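*Asks:* Any chance you can model this:
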Amino acid sequence: MKKILIALFLALPLLASAEKRDDSKYLRGAVPEVNGIVTFSQTFSVPGKSQADIYPVIQNYVKGLVAAGRQDLRTRVLSDENNTIVANIEEIMTFKKKFLNWDHCYFRYLLSAECTPDSQVKMTITKITYYYGFDQEGNNGENYKAEEWISDKEAVNKAGTKLYPRSGKFRRKTVDRAEEIFAGAQALFK
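*Replies:* Alright, predicted model coming up:
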């Protein structure tokens, strides 16, 4: 029995190293920049549908994201005209949630969705900021801009082989959330 416990104890570091995550998806180029501004964008076609058919579906999708965000002045539809909807959204981004330890931030971004006459939808996520490290009342936190926090220069080591621990968690979650938003919009037409 004693030998088994010793063997398990010695194997723990091996098990811990086996659980390393694959960050290759999040390395250089995963966070696109346009003129120095972090901007996620995706355009997709909706064959067989007109602009008039597509727009109400995208409009409801964006309004659903707004409704799911924090219900205060920071989350709202800013513009809804000319087949384009623009929304300012604030969500809670959770990194780790355990008993008595909830590591999270407020994730704020500007989402625009444009429906074009050629049956395409162009979605863009920009003006990304994070509010992190605040107390229980939501005060004394730090604001970070995506350009200063999750860009290749700020979040990826010089060799381009790994993410820095603190900003890397923001980068992973942001890339995943942008992909989730774009995939959710596309799934509405399948």
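*Asks:* Quick check: what element follows the helix-or-strand element of the chain with minimal mean pLDDT along the chain?
*Replies:* Lowest on mean pLDDT, DSSP states H and E among the helices and strands of the chain sits helix 2-18, with a mean of 52. Counting by DSSP states H and E, the next helix or strand C-terminal to helix 2-18 is strand 33-34.
*Asks:* next SSE after that following strand?
*Replies:* strand 37-38.
*Asks:* In the sheet, which strands lie alongside that following strand, parallel or antiparallel?
*Replies:* strand 33-34 (antiparallel) (DSSP bridges).
*Asks:* ok, residues contacting the partner strand?
*Replies:* By C-beta atoms under 8 Å, 6 or more residues apart in numbering, the list of residues contacting strand 33-34 from outside reads 39, 41, 147, 151, 152. C-betas here are computed from N, CA, C, even on glycine.
*Asks:* now do 7 Å
*Replies:* With contacts defined as C-beta atoms under 7 Å, 6 or more residues apart in numbering, strand 33-34 is touched by 39, 151.
*Asks:* Go through this structure and flag its longest helix.
*Replies:* Secondary structure of the chain per DSSP state H: the longest helix is helix 165-187.
*Asks:* could you give me the average pLDDT of that one?
*Replies:* Mean pLDDT, computed over helix 165-187, is 96.
*Asks:* Show residues contacting it.
*Replies:* 26, 30-31, 40, 42, 44, 58, 61, 93, 95, 121, 123, 125, 128, 130, 146, 149-150, 154-155, 163.
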